[in-house]
Each structure stands twice: as C-alpha cells, then as structure tokens.
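[1] Need coordinates for the below:
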Amino acid sequence: MEEFDWVGSEEHFVDRPDIWKMQKMAIGRFGGNSAAGQTKNEDACLAWANPEEDWELAMIMDAHDTAESAEVVMEQFLAHQEEIRSFLSMDVSFEFFQSLEALLLRIFRQKDFLATCREIQGETACLITIRKGKHLYWFSVGDCLLYLFHPELAAMGQYQLNQRHFYEWIGRNNSFAQAVPSFSSGLRELRQGRNQILLATDGLTECPGEPYKEPVNIYDQFDGINEETGIRNLLETVQQQGVRDSVTLVTWTVDVAEKPLYASNQQTVTKEDSWGVE
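    This is a model prediction of the structure:
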C-alpha cells in the first residue's frame, strides 16, 4: 500500500510548484505567488492506494484564516485510518457505499472532534474521493472540485462530477455541528477504458485570466500526455498567470475492462480508447 499526507503549514510551496509521484497517483502543490501577496498555504491532501485490494482514496482540503482546520481534519482522518482501510478491503456492493458514507459521517460528527473544532481558528472545505472496482464515490463539504475525464463523457460535454457548494465547512463554524449536516455525495460508474480522476482546490479555477474556468480546458491539458506532465503544465500556467491562492491537485487513472451501461438503442462502443498515453 502507498500513502501520502501533507498540510500546507508544514511546507508552503509559495513561488515553487511541486509534484509528488506515487506509483499510482500524482500530487501537485503550489502555494501561490508572493508577488501577488501570498505568504502561506492552507491547503492539505492525503492519498492512499492499495492495488491488491483494488482501491484508491484521495482527500483534499482548502482552509481559510489559518491551516488549523485542515490540520485537525487530517488528524481525525488518520486516527481512523485502520478502520477506513479495513472497510475498503470489503467487496463492492450498493450497501458497501451506503455504509461507507455512514462511516464518514460518524467520523466527522464525533463529539470530541466537534469540541476540538470549536477551539480552532478558521474552517476548511473537504473533498474525499474513493475508487473501488469500477465505481467512484465522493463526499464533499464546500467548494473543492472533482473531475472525471473519459472520451465518451467528453463527447457529451461532461467533465466535472460535483458541484461547488458555498457556506459549508469543517472547523470552528462546522456543517457537522448542526442538527442536520450540510454536505453532498455521489456515486458514479466508470466507463470502459481509461478513466482519469482529478481533485482540485479552487485556486486552479479562480486564477487570474481564468485559463481553467471551463473544465474542457483542463481535460485538454492532459490530452496525449501523462498525469505528471499534465499537472506540471497546470501549475506552471497558474504560476505564470500570477495566481495568489494556493493550488492542490491529486490525479490518477483507472483502466476498466467491463462494459458499462448504455441506452437500449445505443450502439456499443468497441473502438479502443485512443485518448492519452500508452
């Protein structure tokens, strides 16, 4: 199993794009431009991959005011890592994903965790994405972004899976401290062939000049190149555009052999996927 975790308060990467390559996943970090006024990085990310059990998990956070909220969420998640990993070793079913969501809700609604959050300064958005088998699940609080790139989806103009939601956070002001928490989640079947998953904090889309406001421009950035090079191009572009906000990216690809769902009157696609790099 491979694992990686980082909080921007540990190392800020201001003025310095960085790429960390795992065997399965690639992580990009850029703390923003000091010339634009940036002095710190309040993003965070975590990545786990277990090829033997056929799953990956990625989490990104975009905090504000301070990085304390990202730090306590990371600590809470890591405190439950054995339980989460054990759960992810189970067989896939609809009930599996229902129970997974219940587990995440229990982790974020624990009384001790909520009490800790009340003592910190600031809040964070948080996006958790899990790929198990041919399915992709996400759990989102706030405005981080999740993309799924595949030629069949691109042909229909579909690139982004989740919708950004504002006024949702984990931290001192906490969505999970409410009687009814506010969050979003989703479950998607991956397509046959090569699927690329990308998580991003909103510094990518809110960059001056908005080179990546439209998801198709991000999709095109990865066309014909590997994930590591694509991330490097994204980070170099936002650096050159003078972005102030920090940008954190996690991406990986999944090859699916099984035929997915098509409409009853739709011809099955049999042509091998030619998008991307062999």
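
[2] With adjacent residues omitted, what lies nearest to residue 36?
    Closest residue to residue 36 apart from its sequence neighbours, by CB to CB, 6 or more residues apart in numbering: residue 244 at 3.8 Å. Every residue, glycine included, has its C-beta placed from N, CA and C.

[3] which ones are touching the one you found?
    The neighbours of residue 244, taking CB atoms under 8 Å, 6 or more residues apart in numbering as the test, are 32, 33, 36, 37, 38.

[4] Could you check the pLDDT of it?
    At residue 244, the model reports a pLDDT of 97.

[5] how many neighbours does the closest residue to residue 1 other than its chain neighbours have?
    Residue nearest to residue 1 in three dimensions, not counting chain neighbours: residue 50, with 4.6 Å by CB to CB, 6+ apart. For residue 50, the neighbour count with other CB atoms under 10 Å is 17.

[6] Show me the residue at the heart of this protein, geometrically.
    In the chain, the residue lying closest to the centroid (CA atoms, centre = their mean) is residue 199, at 3.0 Å.

[7] backbone phi and psi for that one, please?
    phi -110, psi 140 (degrees, to the nearest 10).

[8] hang on, it packs against residue 247?
    No - counting by CB atoms under 8 Å, residue 199 stays clear of residue 247, with 11.4 Å between them.

[9] Nearest residue to residue 164 in space, ignoring adjacent ones along the chain?
    Take residue 164 and drop its neighbours on the chain: the residue closest to it by CB to CB, 6+ apart is residue 143, 4.0 Å away.

[10] Which positions within stretch 156-170 qualify as buried?
    Using 16 or more other CB atoms under 10 Å as the test for burial, stretch 156-170 gives 159, 160, 161, 162, 164, 165, 168, 169, 170.

[11] hmm, who's touching that stretch?
    Taking CB under 8 Å, 6+ apart as the rule, stretch 156-170 contacts 69, 73, 108, 117, 123-127, 136, 138, 140-149, 153, 175-176, 182-184, 186, 188, 202, 215-216, 218-219.

[12] change it to 6 Å
    With CB atoms under 6 Å, 6 or more residues apart in numbering as the test, stretch 156-170 has contacts from 73, 123-124, 126, 138, 140-143, 146-148, 175, 182, 215, 219.

[13] Could you give the average pLDDT over it?
    Here the average pLDDT along stretch 156-170 is 95.

[14] First-to-last residue distance for that stretch?
    With CA to CA, to the nearest Å applied, stretch 156-170 spans 34 Å between its terminal residues.

[15] Can you give the distance of that stretch from its chain's centre?
    Taking CA atoms, centre = their mean, to the nearest Å, one finds stretch 156-170 lying 11 Å from the centre of the chain it belongs to.

[16] check which helix or strand covers the nearest residue to residue 103 once chain neighbours are set aside.
    Of all residues not flanking residue 103 in the chain, residue 87 sits nearest, at 6.1 Å (CB to CB, 6+ apart). Using DSSP states H and E, the element containing residue 87 is helix 81-88.

[17] Tell me where the stretch 151-278 of the chain has helices.
    151-155, 215-221, 227-240 (DSSP state H, counting those that start in this stretch).

[18] and among the ones you listed, the most buried is which?
    Comparing those by mean neighbour count (mean count of other CB atoms under 10 Å), helix 227-240 ranks first with a mean of 20.

[19] Show me the contact partners of that one.
    With contact meaning CB under 6 Å, 6+ apart, helix 227-240 is reached by 17, 19, 21, 26, 28, 30, 207, 211, 221-222, 247, 249, 251.
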